[in-house]
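*Asks:* coords below, sequence missing:
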C-alpha cells in the first residue's frame, strides 16, 4: 500500500504499469481508488496508471479544514510532481471528480493530452447548493449511514452489480470519514466549471450510463455537445460506472486512449 506526502497531507495511491503515457484515474465523491479495481489493470499494459484516494477519502489523511476544488487540483499537481510522472496526461474522472479534471486542464492545457468524463457533474447552481450543504451537515452530525437514503441508495441500487461487488462498495462507502465526506459535498456546492467546456480543445470522451438515475444520459450528452469535437458514448451502466460496468468502460477507454 504505497503512501506519499503531497500538498501537506499523506496520500494513499496505486501506480501500475512500467512504461508509457500517464493515465490519471479520479474516483467519485464518496468513493476510493478501489472503484477502479476492475479497470486499472487492463490499462496498465502500455500505460502508467495512477489512482489515489482523494483528500479525506479512503486511506488518505483525514483533514479537519474545509477545502476547495482548487485544493483538490493542487493535490493532483503535488502527487504528479512527487511521483515524477511526466506530462502529457490522460485524465479520466467520474461524476464530481470531473470538476477537478476540467480545472486541472484549464490551469495546464499543455499537460493534458485527453479527457474522459464519466457521468460528469460540473458543480451546481446556487439553487441546489443547499441540498449538498444539508447532506454535509447530516453526515457530520449522524454519520455516513444517515445519508445512505439520499446518496448511495439512489446512485448504486444493489441490482446494478453482483452481491459481492455491491457489498464491498457499500462497506467502503460506510467507512468514509463523515467530516471528509461533508467537506467534499460543500466543495461541490461552491463549484461550477461549466463555463470551461467550450475552451476544451484536447480529445474528449463523455460517457453516460444508461441506468444512471442520478445523472440521466441526456445531461451528459448535453455536456458533450458543448465541448468542441467531443465524442459521446452510452453504455449499460449506473452512476458509478467503473464499478457497475467495468468491462464496457474499459473497452471504451482502451479504444479512445490507444487511438
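*Replies:* Yep, that arrived. As the structure is a prediction and not an experimental result, all values here were calculated from the model.
*Asks:* helices of the stretch 151-259 of the chain, start to end?
*Replies:* 152-155, 163-174, 178-189, 217-225, 241-244, 246-257 (DSSP state H, counting those that start in this stretch).
*Asks:* and residue 128, how many neighbours does it have?
*Replies:* 12 (other CB atoms under 10 Å). For the C-beta atoms, the positions are set from N, CA and C on the backbone; glycine is no exception.
*Asks:* distance of it from residue 185?
*Replies:* Distance of residue 128 to residue 185, given as CB to CB, to the nearest Å: 11 Å.
*Asks:* same deal with residue 171?
*Replies:* 20 Å.
*Asks:* ditto for residue 127
*Replies:* 16 Å.
*Asks:* of the two, which one has the most company?
*Replies:* residue 185 (25 against 7).
*Asks:* my read is that the more buried one contacts residue 138, right?
*Replies:* No: counting by CB atoms under 8 Å, residue 185 sits too far from residue 138 to count as a contact (9.6 Å).
*Asks:* which stretches of the stretch 1-150 of the chain form helices?
*Replies:* 40-43, 69-82, 98-107, 126-142.
*Asks:* the last one vs helix 178-189, what angle?
*Replies:* What separates the directions of helix 126-142 and helix 178-189 is an angle of 180 degrees, with axes from the mean of the first three to the mean of the last three CA atoms, to 10 degrees.
*Asks:* now do helix 126-142: distance to the chain's middle.
*Replies:* 20 Å (CA atoms, centre = their mean, to the nearest Å).
*Asks:* give the buried residues for that helix.
*Replies:* 129, 132, 133, 135, 136, 138, 139, 140 (16 or more other CB atoms under 10 Å).
*Asks:* stretch 2-15 too?
*Replies:* 6, 7, 9, 11, 12, 13, 14, 15.
*Asks:* pipe the buried residues of helix 126-142 into TSV and attach pLDDT per row.
*Replies:* Shown next, in TSV, are the buried residues of helix 126-142 (pLDDT from 0 to 100):
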residue	pLDDT
129	91
132	94
133	95
135	96
136	97
138	98
139	98
140	97
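*Asks:* how near is residue 85 to residue 15?
*Replies:* For residue 85, the distance to residue 15 - CB to CB - is 8 Å.
*Asks:* name the residues contacting each of the two.
*Replies:* 48, 50 (CB atoms under 8 Å, 6 or more residues apart in numbering).
*Asks:* enumerate every residue touching residue 221.
*Replies:* Taking CB under 8 Å, 6+ apart as the test, what residue 221 contacts is 206, 208, 232, 234.
*Asks:* and what of residue 197?
*Replies:* Per CB under 8 Å, 6+ apart, neighbours of residue 197: 102, 122, 223, 226, 227.
*Asks:* is it true that the fourth one touches residue 195?
*Replies:* Okay, so that is residue 226. No: with contact defined as CB under 8 Å, residue 226 does not count as touching residue 195 (9.7 Å).
*Asks:* point out the other helices and strands that the helix or strand of the chain with the lowest mean pLDDT packs with.
*Replies:* Lowest on mean pLDDT, DSSP states H and E among the helices and strands of the chain sits helix 126-142, with a mean of 93. Helix 126-142 sits against helix 178-189, with contacts defined as 3 or more CB pairs under 8 Å, 6 or more residues apart in numbering; DSSP states H and E.
*Asks:* ok now the helix it packs on, how far from the chain's centre?
*Replies:* That offset, for helix 178-189, works out to 14 Å (CA atoms, centre = their mean).
*Asks:* against which helices or strands is that helix packed?
*Replies:* Against helix 178-189 (3+ CB pairs under 8 Å, 6+ apart) you get helix 69-82, helix 126-142.
*Asks:* wait, which of those is closest to residue 154?
*Replies:* Taking CB to CB, helix 126-142 is the member of these nearest to residue 154, at 11.5 Å.
*Asks:* thanks a lot, see you next time.
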